[in-house]
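> Predicted model follows, preceded by the sequence.
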Amino acid sequence: MQLTFSGPLIEWRGPAPYYFVAVPPEQAAQVREVARLLSYGWGVVPVRVQLGASVWTTSLFPRQGGYLVPVRAAIRRAEALHEGAEVTLSLGLGEAEPSQGT
């Protein structure tokens, strides 16, 4: 399944800052429909992500009934992104291997 959507890059502060893009509600509902078939571990869903010229594999993190797409520091640097930047992501659900972390 392929999904494309846009949203702001958000920072989630924890022990270390992490950056994410929230999957919009309509697309999150589509993910939920197939998540049970694709999920491993504690509900994360493997995906292949494209943002600009950057492509990587990661996992969607379930959060408050939706999903978050983690955006690595190397990707943020390569795409010259900052917190709040509006980005467009294309996701290929189930296209990442579980061993390929975020």
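Yep, it's here.
> Contacts only, for the closest residue to Val45 other than its chain neighbours.
Leaving aside its sequence neighbours, Val45 sits nearest to Leu60 (Cβ to Cβ, 6 or more residues apart in numbering; 4.3 Å). Where C-beta positions appear, they are placed from N, C-alpha and C, glycine not excepted. If you count contacts by Cβ atoms under 8 Å, 6 or more residues apart in numbering, Leu60 has them with Val23, Val31, Val44, Val45, Val47, Tyr67, Leu68, Val69, Leu91.
> Likewise for Leu93?
Contacts of Leu93 by Cβ under 8 Å, 6+ apart are Met1, Gln2, Leu3, Val31, Val34, Leu38, Val45, Pro46, Val47.
> again, only using 6 Å
Applying Cβ atoms under 6 Å, 6 or more residues apart in numbering, we find Leu93 in contact with Met1, Val47.
> tell me, what residue is most central in the chain?
The chain has Val69 as the residue nearest its centroid, 1.8 Å off, counting by Cα atoms, centre = their mean.
> Let me know whether my guess that that one is in a strand holds.
Yes. Counting by DSSP: H, G, I helix; E, B strand; the rest coil, Val69 falls inside a strand.
> Gln2 versus the closest residue in space to it that isn't next to it in sequence, what's the distance?
Nearest-residue entry for Val69: Val21, 4.7 Å, with adjacent residues in sequence omitted and distances by Cβ to Cβ, 6+ apart. Noted for Val21: a distance of 16 Å to Gln2, by Cβ to Cβ, to the nearest Å.
> When these two are compared, which one has more neighbours?
Each of Val21 and Gln2 has its neighbours counted (other Cβ atoms under 10 Å); Val21 has more, 25 against 10.
> From the contact counts, what lies against the helix or strand encompassing the more buried one?
Using DSSP states H and E, Val21 sits within strand 18-22. Packing partners of strand 18-22 (3 or more Cβ pairs under 6 Å, 6 or more residues apart in numbering; DSSP states H and E): strand 10-12, strand 66-70.
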